[in-house]
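>>> heads up, no residue letters with this:
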């Protein structure tokens, strides 16, 4: 009998009513009591959520040990869902307080090495005194807000 762990079922989050997803959030207080919750760890935290698709390109790169090459280059060779966290905000304005206030994960669909389409944005309040600290929320689209 193999000692390898059984593969997890995909946890891609889909609801019959798309608007219902935007009223749903997820958090795991046990996780953020053990680990610091900030932009360097938000992807690890996000992987535990039902919003995460564990068949995404990020997981493929890691599971196939393709990460010995440049991670972004390895992602560009695959098609499908991929996730990125917001590290750019800090580079543009290191004093921006919202950078530490909110953690952001972007979900893209890659169709070629040079073409991606933003599918969804998830955010997570990162300040411990925030009433929704540690909750991951899907950001509604502009059409949902003004519909």
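Yes, it's here. None of the values given here were measured: they were computed from a predicted structure.
>>> so what's the residue positioned nearest the centre of the chain bridging to?
The centre of the chain sits closest to residue 105, judged by C-alpha atoms, centre = their mean, with a distance of 4.1 Å. Here residue 105 sits in beta bridges with residue 85, residue 122, going by DSSP bridges.
>>> gap between it and residue 69?
Using C-beta to C-beta, to the nearest Å, residue 105 is found at 23 Å from residue 69. To be clear about C-beta, it is placed using only N, CA and C from the backbone, and glycine gets the same treatment.
>>> residues touching the residue nearest to the centre of the chain, list them.
42, 43, 46, 83, 84, 85, 86, 121, 122, 123, 124, 136 (C-beta atoms under 8 Å, 6 or more residues apart in numbering).
>>> Just the buried subset of these, please.
42, 46, 83, 84, 85, 86, 122, 123, 124, 136 (16 or more other C-beta atoms under 10 Å).
>>> Mind putting those residues into TSV with distance to residue 110?
TSV is the format used below for these (distance: C-beta to C-beta, whole Å):
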residue	distance to residue 110
42	20
46	18
83	11
84	11
85	16
86	18
122	18
123	22
124	23
136	22
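>>> Between these, which sits nearest residue 57?
residue 83 (8.5 Å; C-beta to C-beta).
>>> Ramachandran angles for that closest one?
The phi and psi values for residue 83, taken as degrees, to the nearest 10, are phi -120, psi 150.
>>> That one is in contact with residue 107, isn't it?
Yes. Using C-beta atoms under 8 Å, residue 83 is in contact with residue 107, at 5.7 Å.
>>> helix/strand/coil for residue 111?
Classification of residue 111 by DSSP: H, G, I helix; E, B strand; the rest coil places it in strand.
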